[in-house]
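**Q** Have a look at this prediction, sequence included:
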Amino acid sequence: MKQKYSINNIRNIGIIAHIDAGKTTVTERILYYTGRSHKIGEVHDGEAVMDWMPDEQERGITITSAVTTCHWQDSEIHIIDTPGHVDFTIEVERSLRVLDGAIGVFSAVEGVEPQSETVWRQADKYEVPKIAFINKLDRIGANFLGTLDMIRDRLNANPLILQVPIGEEETFCGVIDLIRMKQIVWDDDTLGATYAVSDVDAALTEKALEYREQLVETVADFDDEIMELYLAEEPVGEEALVSAVRRAAIDLKAVPVLCGSALRNKGIQPLLDGIVSYLPSPSDVPPVKAMTPESDEPVLCKVDDKAPLVALIFKVSMIEGRKLSFVRIYSGTLKAGADVFNPILNKKEKISRILAMHANKRERIDAIGAGNLVGVIGLKDSSTGETLCSSDHPVLLEKIDIYEPVISVAVEPKTHSDQDKLDQVLAKFMAEDPTLRVRQDEDTGQTILSGMGELHLEVITSRMLREFKTSVNVGKPQVVYRETIGKQVEVAAVFDKEMAGQKHFAEVKFTLTPLKRGRGLLFKNELPADTMPAELIPVVEKSVLDSMESGALMGYPVVDVQVFLTGATFNESLSSELAFKVCASMACQDGLAKGDPFLLEPIMSVEVFVPENFMGDVIGDLNSRGGKIESIEAQLGTQAIKVTVPLSKMFGYSTSLRSATQGRGTFTMQFSHFDQRNS
């Protein structure tokens, strides 16, 4: 039976970082030391509890964010282990949307890597308090202070050093706790489960006192209580310092920094102490803001079990063919068997089961209160980003940002039986993953699958066979282009036809103007107020935006165009919504064709990490791919090359980089912007 914890003793945290920084390894140790699992699962052995999908175990990476619960110091900690690969960044986005705190894991060898920056910025966007854990201090090349400098410079963060390592690289054996002024050394014979806490060795005392002085001085800058003690040259006690660091972290003024080596079982218990001591409970963060569906008036959702229900679906998963919705409860109590209201769909849904989650294992519970993360079965139509609330007090929470796909493949079923299943399987994947798109190519009849990258689409097609026994042939990856126009054009169209025995008439005039890259689509009505009924303007606008879904060149979506409605003729007896809808579409298609249309291609922001002696070959290869070098900087033993490259030139780059650097080069790639395609 699930024990009930007070809201003040709940922590909702996420583990975020670049791929291979050690997120899942940290999580596995947390589960072991809290007694949640009875053996340590290793990522490299494919036995990590949190990486339960076969694709994750084979590839040794996290693909889907997994939720688990553990207990430490009379607190219940809900943990989401998120992916580090850029193709699965939506998993991080929707996790951070519902979390109260995060642990940023950084490799002491590589420092702050590009995807670490991305996920850190995502956490900043949602104002999530963070702890930094500097991992892999046992590795050759580990640089604790260098990583701290990168945290300051790259993340614009204010690190509070709470621990410093004892030893470095192969001699790393423990940490000095600067708050208690004690040293902690782990016992290798017990898998790190036992450790010795003692006074700081005489040889390390001077260094420890210097760092503690820096810590107190930094905290005093934004905490009046510590400032008074500091100026009076009075000793700062452990309790006062912990409280001040906690306030600084929750107020986003500073980031507590802890360190260790998760793979060598060092540093995890103090990290758990830090989660409880420095990261907020649901009652420590500001109440989430919602809106009433009718008036858009803001409503603050108080963290209270007795208040009306307000919850957000942050993830949908299809496990064993059943729809499992992951829900964060902001206010009120969720009960099994109860009806809930979805204000976006304007319909009621029934909660058939509530589940406490542990990766892919779960435990049934009857009811759960505010501040919790749970799985829910029974929601038929509700999907990611939608609100669940009480029908007596309907409110809407802000939806989760969704990313646009940049790469496509054609998929076709191998057998007739696969054809019958394919549409159903793809519908389940789209319900699970909002960054996945499926469309039918009208010219070829092919099913086109679009996603965030090659790995994203590889995993989807692999899961089709593994989970749903659906075999498909996959075409070569294709870039998802956009279209725009090169010049301003004025167009007009008249629709005057008889349909089903009734005459329909409409006339419109548009001016189509190209916009700067990244501006999207804009519509502006410039008609005098009495030209046509006001209720027809939204009809024209919707028709314009719909017609921009398919451009004049190759049928790609149109972007960076503003359409001005400059003229219209309305006939009271003949004009209709249908007439204006068709007429606006005709005018737009004409304008797109006459506006010197051209293609925009996705440009990727790429960061390549290579040993210095391979720099020439790597830069030459990037130049041959149309890359524009933006910067080259030395970083902890390697050179980091930042470059923008058209996505169409990056297929198969991992193989080229490996062969050019004898397997020592790595790179990360994420979408930057759309720009004109160079033929």
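**A** It's in.

**Q** show me where the stretch 501-650 of the chain has strands.
**A** Secondary structure of the stretch 501-650 of the chain (DSSP state E, counting those that start in this stretch): strands at 502-514, 521-525, 561-569, 597-610, 628-635, 638-646.

**Q** Take those strands and lay them out in TSV including mean pLDDT.
**A** Shown next, in TSV, are the strands of the stretch 501-650 of the chain (pLDDT from 0 to 100):
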stretch	mean pLDDT
strand 502-514	92
strand 521-525	93
strand 561-569	93
strand 597-610	88
strand 628-635	86
strand 638-646	88
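
**Q** now Val582: how far from Ser462?
**A** The spacing between Val582 and Ser462, counted by CB to CB, to the nearest Å, is 44 Å. In short, each C-beta sits where N, CA and C put it, glycine included.

**Q** who's more crowded, those two?
**A** Neighbour totals were compared for Val582 and Ser462, and Val582 leads with 18 against 15 (other CB atoms under 10 Å).

**Q** per-residue confidence for that one?
**A** Here, the pLDDT recorded for Val582 equals 93.

**Q** Surely it and Phe505 touch.
**A** No. Using CB atoms under 8 Å, Val582 is not in contact with Phe505, being 10.8 Å away.

**Q** what's the overlap in contacts for these two?
**A** Phe495 (CB atoms under 8 Å, 6 or more residues apart in numbering).

**Q** Show me what the host helix or strand of Ile184 packs onto, helices and strands only.
**A** Assigned by DSSP states H and E, Ile184 belongs to strand 182-186. Secondary-structure packing of strand 182-186 (3 or more CB pairs under 8 Å, 6 or more residues apart in numbering; DSSP states H and E): strand 174-177, strand 195-199.

**Q** same thing but 10 Å
**A** strand 163-166, strand 174-177, strand 195-199, helix 202-220, helix 268-278 (3 or more CB pairs under 10 Å, 6 or more residues apart in numbering; DSSP states H and E).

**Q** Contacts for it, please.
**A** 163-164, 166-167, 173-177, 192-201, 204-205, 208, 238, 260-261, 264-270 (CB atoms under 10 Å, 6 or more residues apart in numbering).

**Q** if we go to 8 Å?
**A** Residues contacting strand 182-186 (CB under 8 Å, 6+ apart): 166, 173-177, 192, 194-201, 204, 264-267, 270.

**Q** Geometric centre of the protein: which residue is closest?
**A** Closest to where the C-alpha atoms of the chain average out (CA atoms, centre = their mean) is Glu93, at 2.3 Å.

**Q** Quick check: what element follows the strand or helix carrying that residue along the chain?
**A** Assigned by DSSP H and E, Glu93 belongs to helix 89-96. Next along the chain after helix 89-96, taking DSSP H and E as the criterion, comes strand 101-107.

**Q** what's next to that next one, contact-wise?
**A** 11-18, 20-23, 26, 96, 112-113, 116, 119-120, 123, 128-136, 139, 147, 150-151, 255, 271, 275, 279-280.

**Q** again with stretch 466-473
**A** Counting by CB under 8 Å, 6+ apart, residues outside stretch 466-473 touching it are 54-55, 318, 411-415, 418, 421-422, 425, 428, 461, 464-465.

**Q** just the buried members of the contacts of strand 182-186?
**A** Among the contacts of strand 182-186, those classed as buried by 16 or more other CB atoms under 10 Å are 166, 173-177, 192, 195, 200, 264-267, 270.

**Q** which one of those residues sits closest to Val395?
**A** Pro270 (40.0 Å; CB to CB).

**Q** so who does the closest one touch?
**A** Residues near Pro270 by CB under 8 Å, 6+ apart: Gln163, Val175, Asp177, Ile184, Leu258, Gly260.

**Q** Return the distance of the third one relative to His358.
**A** If you measure Asp177 against His358 using CB to CB, the figure is 30 Å.

**Q** Quick one: find the helix or strand in this protein with the lowest mean pLDDT.
**A** The helix or strand of the chain with the poorest confidence is helix 54-59; it has a mean of 51 (mean pLDDT, DSSP states H and E).

**Q** hang on, the earlier thing: I'd assumed Gln122 was in contact with the residue nearest to the centre of the chain.
**A** Yes. Assessed by CB under 8 Å, Glu93 is found in contact with Gln122 at 5.8 Å.

**Q** Sort out for me which of the contacts of strand 101-107 are in strands.
**A** With strands taken from DSSP state E, the overlap with the contacts of strand 101-107 comprises 11-16, 130-135, 255.

**Q** Would you point out the most distant pair within the residues you listed?
**A** Among the ones in strands among the contacts of strand 101-107, Asn12 and Ile134 lie farthest apart (CB to CB), at 23.1 Å.

**Q** When these two are compared, which one has more neighbours?
**A** Ile134 (29 against 26).

**Q** picking up where we left off before, tell me which of the strands of the stretch 501-650 of the chain approaches Ser654 most closely.
**A** Shortest distance between Ser654 and the strands of the stretch 501-650 of the chain, using CB to CB, is found for strand 597-610: 10.8 Å.

**Q** The closest one - contacts with which helices or strands?
**A** strand 482-485, helix 615-624, strand 638-646, strand 666-676.

**Q** Try it again at 6 Å.
**A** strand 482-485, strand 638-646, strand 666-676 (3 or more CB pairs under 6 Å, 6 or more residues apart in numbering; DSSP states H and E).

**Q** Parallel or antiparallel, which strands does the longest one pair with?
**A** To tie it back to what came earlier, the one meant is strand 666-676. Strand 666-676 has its sheet partners listed here by DSSP bridges as strand 597-610 (antiparallel).

**Q** Phi first, then psi, for the residue lying farthest from the centre of the chain.
**A** Relative to the C-alpha centroid of the chain, counting by CA atoms, centre = their mean, Gly501 is the outermost residue, at 53.4 Å. Backbone geometry at Gly501, expressed as degrees, to the nearest 10, gives phi 80, psi 10.

**Q** before we move on, the earlier item: mind checking how far the helix holding Glu93 is from the chain centre?
**A** Centroid displacement of helix 89-96 relative to its chain, using CA atoms, centre = their mean, to the nearest Å, is 2 Å.

**Q** Check stretch 273-283 too.
**A** Centre-to-centre, stretch 273-283 and its host chain are 22 Å apart (CA atoms, centre = their mean).
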